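> Coordinates only, no sequence provided:
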């Protein structure tokens, strides 16, 4: 591999990794509160399409006068609201209506995939235009880099050639780690995920914690969808449903990182490298490329098996993960 | 200081009569359909009743359409039958999608590589066994790891799906025909080797017969055999099972292999009995949808058949609207998703009652 190829591989891995890092960090927050939200792909769909719809109408209204910073704000706010509401729906169904979490997550994915692809595929036509939807001004704003840093040769290319959301994802991971390990509220949240009955007994409002952690977690995951649309797809809609596969990878990454945000950072980039490596290995046929694309999932399985073999307490999933909590049950 | 009574109190219900639980679900369904009607009206500005009529036409309008609806219902029912033993054991098999795909790969491989001189019925028997075996292998791994080292089966089976999807993509690229199309095309379109023969003059007659036989098999297996009893005990309490000297590990692995095998047979149905091709869309998300359906039906085969038929009806109907009014096909997923979420929500009102503050007096006088 030449140096240029290595840099290209790192670049595409980081872009890829950022999508799933957002998803995984949000899901870690959700799962630490004991909710196993399999709706991450759906939430990413919702975040992505909401950001796209918002900026699409803004750009359409403003034409060439669209202000980049307003574009970014609209996209982020729309994505956050849509994915927060998705998380809220999930919490309402699973916490208040006590529906099974796995089932609800899967049902939400069906709805969200339909909703997002429906609008992604026909929004432009519904609005009276032709062809594919795209939001070039916004996408360009999202991918803007600081020229002085980007110009630093290969170092600049490796570290500073990404849109700002790539750094936000890392910041979120660090923030969530600090929150879970160093704050009282984070500690309470983990207690809810491990043993809600005990948490309830010491006066922690289990319902409130579950609602908030799931909804805020969903909002963070939704940013992954937005990043996918604006950065990975450069402001167009991918009707092949690529974000769905990435959403599941985000769920995989949570396991791979054994519920630790910092481990998720390098895990995300590793998944990116594993997913893109086939592109840079010479002599692969189209069929053998597919075998390489299995690697992230196989790596996750390996981690899952190793973790169960080790019986280390700190690597285990939250004890009450995926189980409902109903005070009257015992 | 006395704390104020909360506005809503939730209490668990005992058993309620079947008509009440059905009624609650029907109300949920009705609300969902009304909501969908508003959404469809918002997009198409058409009379929702007309739209529902168009859906009816799309799913059952012609003899052929009706049989396609039946065929797809049978496939969903088959996956549901596969899930039933695993879920009865409280083993979350989210991997149906992958198990269907590997079953499909096995069936397609047989269609391509078995000597074409073989009689068709023998080929079909071999394909049946190969698909079941492939599915069973796919079910074996998560079952084995769960039994031996207690890995989380939800996450394990989930990952196996994606490995199966990539494996399918691998074979699609390998078998592509014509070259460069990245699809396998209709396999043996001339010789119809490995295709289901017409039964009672119906193209999909054999699908129905096979699934009905499987339905009876699973019903008897779960209800009247020793294996079925063991599954129920392990599902309710592993400790009890161990106390009764049951080999819990063996039961888990065996059941998971059976579950995978039947899902593999669903892949066989999809390839040999329906599409005559293989692609990453062969399972088409049905593996996931069926989990929801089967779980809501409490694994009762008859309810499962009814709910699957209803969902397939909606899917076909929504696709008809989509093509009639030039909308994206995905509208069918929106409708399906909304209805599923509402049905899930109505479960709550089946299992719990909500009492509003102040209604206690009337409760006492009762």
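Arrived safely, thanks for sending. Quick caveat, the model's predicted, so the values are computed rather than measured. Numbering: from 1, shown residues only, chains lettered A, B, ... in the order given.
> Which residues of the stretch 201-330 of chain A lie near chain B?
The stretch 201-330 of chain A comes close to chain B at residues A:245, A:248-249, A:251-252, A:255, A:285-291, A:293-294, A:297-298, A:300-301, A:304-305, A:308-309, A:317, A:322, A:326, A:328, as judged by CB under 8 Å from any CB of the partner chain. No exception for glycine: its C-beta is placed from N, CA and C like everyone else's.
> List the ones among these that fall in helices.
Among these, the members falling in helices (DSSP state H) are A:245, A:248-249, A:251-252, A:255, A:286-291, A:293, A:297-298, A:300-301, A:304-305, A:308-309.
> Just give the closest residue to residue B:110, not the sequence neighbours.
Closest residue to residue B:110 apart from its sequence neighbours, by CB to CB, 6 or more residues apart in numbering or on different chains: residue B:127 at 4.3 Å.
> Looking at the helix or strand that contains the one you found now, give me its mean pLDDT.
According to DSSP states H and E, residue B:127 maps onto helix B:120-149. Helix B:120-149 carries an average pLDDT of 89.
> again, but for stretch B:53-60
The pLDDT scores in stretch B:53-60 average 77.
> Same question for stretch B:184-195.
Per-residue pLDDT over stretch B:184-195 has a mean of 72.
> Please enumerate residues in contact with it?
Stretch B:184-195 has contacts (CB atoms under 8 Å, 6 or more residues apart in numbering or on different chains) with B:107-108, B:110-112, B:114, B:116, B:120, B:123-124, B:127, B:171-172, B:175-178, B:272-273, B:276-279.
> Straight-line length of that stretch, end to end?
Taking CA to CA, to the nearest Å, the first and last residues of stretch B:184-195 lie 15 Å apart.
> Would you enumerate the residues in contact with residue A:286?
By CB under 8 Å, 6+ apart, residue A:286 lies in contact with B:173, B:182.
> if you set the cut-off to 7 Å instead, what comes out?
By CB atoms under 7 Å, 6 or more residues apart in numbering or on different chains, the residues touching residue A:286 are residue B:173.
> how close does it get to residue B:250?
42 Å (CB to CB, to the nearest Å).
> what helices or strands is the helix holding residue B:127 leaning on?
The helices and strands touching helix B:120-149, judged by 3 or more CB pairs under 7 Å, 6 or more residues apart in numbering or on different chains; DSSP states H and E, are helix A:295-310, helix B:96-113, helix B:153-175, helix B:248-270.
> The shortest one to helix B:153-175, inter-axis angle?
Here helix A:295-310 runs at 150 degrees with respect to helix B:153-175, directions being taken by axes from the mean of the first three to the mean of the last three CA atoms, to 10 degrees.
> contacting residues around helix A:295-310?
For helix A:295-310, contacts defined as CB under 7 Å, 6+ apart pick out A:249, A:252, A:255-256, A:258, A:271, A:274-275, A:315, B:145, B:149-152, B:155-156, B:159, B:162-163.
> do you know how far the residue lying closest to residue B:260 once chain neighbours are set aside is from residue B:231?
Spatially, and ignoring its direct neighbours in sequence, residue B:260 is nearest to residue B:139 (2.2 Å; CB to CB, 6+ apart). Relative to residue B:231, residue B:139 is positioned 14 Å away (CB to CB).
> swap in residue A:63?
From residue A:63 to residue B:231 the distance is 64 Å (CB to CB).
> ok, the two, which is more surrounded?
Neighbour count, other CB atoms under 10 Å in any protein chain shown: between residue A:63 and residue B:231, residue B:231 has more, with 27 against 8.
> Test my guess that the residue nearest to residue B:110 contacts residue B:267.
No - Residue B:127 is not in contact with residue B:267 according to CB atoms under 7 Å; the separation is 10.1 Å.
> Now list whatever residues contact both of those two.
Listed as contacting both residue B:127 and residue B:267 by CB under 7 Å, 6+ apart are residue B:107.
> In terms of neighbours, single out the busier of these two.
residue B:267 (36 against 23).
> Leaving out chain neighbours, which residue sits closest to that one?
Counting by CB to CB, 6+ apart, the residue nearest residue B:267 is residue B:103, at 2.7 Å.
> Where does pLDDT dip in the stretch 201-350 of chain B?
Along the stretch 201-350 of chain B, segments meeting pLDDT under 70 span B:201.
> Would you mind listing what in it touches chain A?
B:288-289, B:291-292, B:295, B:327-328, B:330-334, B:336-338, B:340-341, B:344-345, B:347-348 (CB under 7 Å from any CB of the partner chain).
> how does it look with 6 Å?
B:288, B:291-292, B:295, B:328, B:330-331, B:333-334, B:336-337, B:340-341, B:344-345, B:348 (CB under 6 Å from any CB of the partner chain).
> Spatially, which two of the residues you listed are the most separated?
Using CB to CB, these span at most 32.1 Å, a distance reached by B:328 and B:348.
> quick one on the thing from earlier: wait, the residue nearest to residue B:260 sits on residue B:257?
Yes - between residue B:139 and residue B:257 there is a contact at 5.0 Å, judged by CB atoms under 6 Å.
> who has more neighbours, those two?
Higher neighbour count among residue B:139 and residue B:257: residue B:139, with 33 against 23, using other CB under 10 Å.
> Residue B:82 looks like it's in a helix, true?
Yes - in this structure, residue B:82 lies within a helix as judged by DSSP: H, G, I helix; E, B strand; the rest coil.
> burial count for it?
Residue B:82: 31 surrounding residues under other CB under 10 Å.
> quick one: contacts for it?
Contact analysis of residue B:82 by CB atoms under 6 Å, 6 or more residues apart in numbering or on different chains lists B:259, B:262-263.
> Apply 7 Å and report the result again.
By CB under 7 Å, 6+ apart, the neighbours of residue B:82 are B:96, B:259, B:262-263, B:266.
> Over to residue A:120?
By CB under 7 Å, 6+ apart, residue A:120 lies in contact with A:49, A:52, A:133, A:237, A:239.
> Can you tell me which of the residues you listed is nearest residue A:191?
Using CB to CB, these come closest to residue A:191 at residue A:49, 35.5 Å.
> Not counting its neighbours along the chain, what's nearest the closest one?
Spatial nearest neighbour of residue A:49, excluding adjacent residues (CB to CB, 6+ apart): residue A:116 at 3.9 Å.
> Wait, the one you found touches residue A:45, no?
Yes - here residue A:116 reaches residue A:45: they are 3.8 Å apart, a contact under CB under 7 Å.
> Nearest residue to the middle of chain B?
Nearest to the geometric centre of chain B sits residue B:290, at 2.2 Å (CA atoms, centre = their mean).
> sorry, back to before: quick one: buried ones out of the ones in helices among the residues of the stretch 201-330 of chain A next to chain B?
For those, a burial check counting by 16 or more other CB atoms under 10 Å in any protein chain shown picks out A:245, A:248-249, A:251-252, A:255, A:289-291, A:293, A:297, A:300-301, A:304-305, A:308.
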